[in-house]
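> Curious how this folds, go ahead:
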Amino acid sequence: MSDTLENRIRVFRAEHRMSQGDLADAIGVSRKTISTIEVGRFVPSTVIALKLARQFEVPVEDIFSLKTD
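As a prediction, the model looks like this:
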C-alpha cells in the first residue's frame with residue numbers, strides 16, 4: 001500500500017479567481033511550481049504548503065490530503 005498526496009489548489013485558485021501565475025507571484029514561486037504541484041508531479045515543501053494555506057486563509061489540511069491506495 002502507498003500513500004499519495006492530493007490537493008485542491010485548482011479549486012481554491014478558481015474560488016479566488018487566480019491564475020497559476022497570480023498564485024505563484026503571491027507566494028514567491030514559479031508558475032511551473034504551482035502547475036507541477038497541482039498535477040501531483042511535485043510534493044511541495046512544508047514552507048510552500050504553509051504559504052498556500054496562508055494565501056487562501058485556510059488550514060493546510062483543507063488544501064492537501066493523503067490518499068491511501
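
> rest of the way, CA atoms for contacts and neighbours
OK.

> Contact partners for residue 23?
13, 31, 34 (CA atoms under 8 Å, 6 or more residues apart in numbering).

> Give me the longest helix you can find in this structure.
helix 46-56 (DSSP state H).

> Give me the contacts around that helix.
With CA under 8 Å, 6+ apart as the criterion, helix 46-56 contacts 12, 16, 26-27, 59-60, 63.

> one more time with 6 Å
59-60 (CA atoms under 6 Å, 6 or more residues apart in numbering).

> quick one: average pLDDT of it?
Averaged across helix 46-56, the pLDDT comes to 98.

> just checking, next helix/strand downstream of that helix?
helix 60-63 (DSSP states H and E).

> pLDDT of that next one, averaged?
In the prediction, helix 60-63 has an average pLDDT of 98.

> Next: stretch 5-21.
pLDDT averaged over stretch 5-21 gives 98.

> Any idea how far that stretch is from the middle of the chain?
7 Å (CA atoms, centre = their mean, to the nearest Å).

> List the buried residues of it.
Going by neighbour count (16 or more other CA atoms under 10 Å), the buried part of stretch 5-21 is 6-7, 9-10, 12, 20.

> coming back round to it: adding secondary structure, write the contacts of residue 23 out as a markdown table.
Formatted as a markdown table, the contacts of residue 23 follow (DSSP: H, G, I helix; E, B strand; the rest coil):
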| residue | secondary structure |
| --- | --- |
| 13 | helix |
| 31 | helix |
| 34 | helix |
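
> need the residues you listed in TSV with distance to residue 46, can you?
Below are these laid out as TSV (distance: CA to CA, whole Å):
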residue	distance to residue 46
13	19
31	18
34	14
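
> just checking, residue 65 is part of a helix?
No: assigned with three-state DSSP, residue 65 falls outside any helix and is strand.
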